[in-house]
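Q: can you look at this prediction? I've put the sequence above it.
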Amino acid sequence: MTILERLFSIEGKVALVSGGSRGIGEMIAGAYVDAGARVYISSRKAEACERVANELSQRGECFAVPADLSTTAGVENLAGEIAAREPAVHILVNNAGAAWGAPIEEFPEEGFDKVWMLNVRAVFFLTARLMPQLRNAASADDPARVINVGSIDGIRVPDLQNYPYSAAKAGVHMLTRHMAHHLTKDNINVNAIAPGLFPSKMTKFLFDNIEDPEDLPLVPRGRAGRPDDIAGIAIYLASRAGAYVTGGVVAVDGGVSTHG
């Protein structure tokens, strides 16, 4: 085994990626499948979840477990379904999320509540419900991994009026640190990825106004994110290479967050 294989292999591990049927979640799920993990993906829309799982299954092991994580029942059902199939879960990626934008005077309560329920509450309770499986996968040399997907909008103030989204993502970052502090005794590492501009349904309206994603002067790296950019950090945090990293919030944004 080469040093790269020893450090970055996740072959044979079991991973769950919430919101895994599109965008960044699909990018992470695809990377894990290609790296030899057995991957479960969830999303609210069952048809899309099944379609993406079938596509990824052409490259490895991928299974669909549809769930609406904006509800308590959805979180409980997903955790129960995974627990029934897998005694141990090595990697949990809390990626499912929602955004909502409106002027402050017009912001609907239901929009604010939906964003917080999915982006923060579901992260906490899905992790909590899967603690037995995470503990079963964990060891001192190879901790189980929880990877929460935050956002650079939780690091610096965005131009958009997406108030609950930026606040929720900042909450995800602090929740990550808080869980990391307490779960290290269980040999569970908890980290967050804070992506910048990547193509997804959530950012489609931005890309519709961008002529060339490979030429973005406002991004220090000069371009939008690509699947390999998110795959690299997701594999690093899930592999032996990231075994000593916990409580981190890693910006993957081409340098946008350096603007403050």
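A: Received the coordinates, thanks. Residues are numbered from 1 along each chain as shown.

Q: just for the stretch 151-260 of the chain, where's the confidence low?
A: Counting by pLDDT under 70, the ranges of the stretch 151-260 of the chain that qualify are 200-207, 209, 260.

Q: strands of that one, start to end?
A: Taking DSSP state E, counting those that start in this stretch, the strands of the stretch 151-260 of the chain run over residues 188-195, 249-252.

Q: ok, now which residue in the protein is the farthest from the centroid?
A: Of all residues in the chain, the one whose C-alpha sits farthest from the chain's mean C-alpha position, using C-alpha atoms, centre = their mean, is Glu105 at 31.0 Å.

Q: surely it is within a helix?
A: Yes. With DSSP: H, G, I helix; E, B strand; the rest coil as the criterion, Glu105 is assigned to a helix.

Q: how close does it sit to Gly80?
A: Using C-beta to C-beta, to the nearest Å, Glu105 is found at 42 Å from Gly80. C-beta here means a position set from N, CA and C on the backbone, and glycine is covered the same way.

Q: and what of Val146?
A: Computed with C-beta to C-beta, the distance linking Val146 and Gly80 is 18 Å.

Q: same question for His182.
A: Applying C-beta to C-beta, one obtains 24 Å for the distance of His182 from Gly80.

Q: of these two, who's got more company?
A: The residue with more neighbours, out of His182 and Gly80 and counting by other C-beta atoms under 10 Å, is Gly80; that gives 14 against 10.

Q: the more buried one sits in which helix or strand?
A: With elements taken from DSSP states H and E, the one containing Gly80 is helix 72-85.

Q: can you tell me which helices and strands whatever helix or strand comes next after that helix packs against?
A: Downstream of helix 72-85, the next assigned helix or strand under DSSP H and E is strand 91-94. Under the contact definition 3 or more C-beta pairs under 8 Å, 6 or more residues apart in numbering; DSSP states H and E, strand 91-94 sits against strand 14-18, helix 23-34, helix 122-129, strand 144-149.

Q: now do the first one and helix 23-34, the angle between them.
A: Between the axis of strand 14-18 and that of helix 23-34 there is an angle of 170 degrees, by axes from the mean of the first three to the mean of the last three C-alpha atoms, to 10 degrees.

Q: CA atoms only: put strand 14-18 into CSV for me.
A: Taking Å, rounded to 0.1, in the frame of the first residue of the first chain, the C-alpha atoms of strand 14-18 are listed here in CSV:
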residue,chain,number,x,y,z
VAL,A,14,-20.2,3.2,5.1
ALA,A,15,-21.3,6.8,4.4
LEU,A,16,-24.6,8.6,4.6
VAL,A,17,-24.9,11.9,2.6
SER,A,18,-28.1,13.9,3.3
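
Q: no further questions, thank you.
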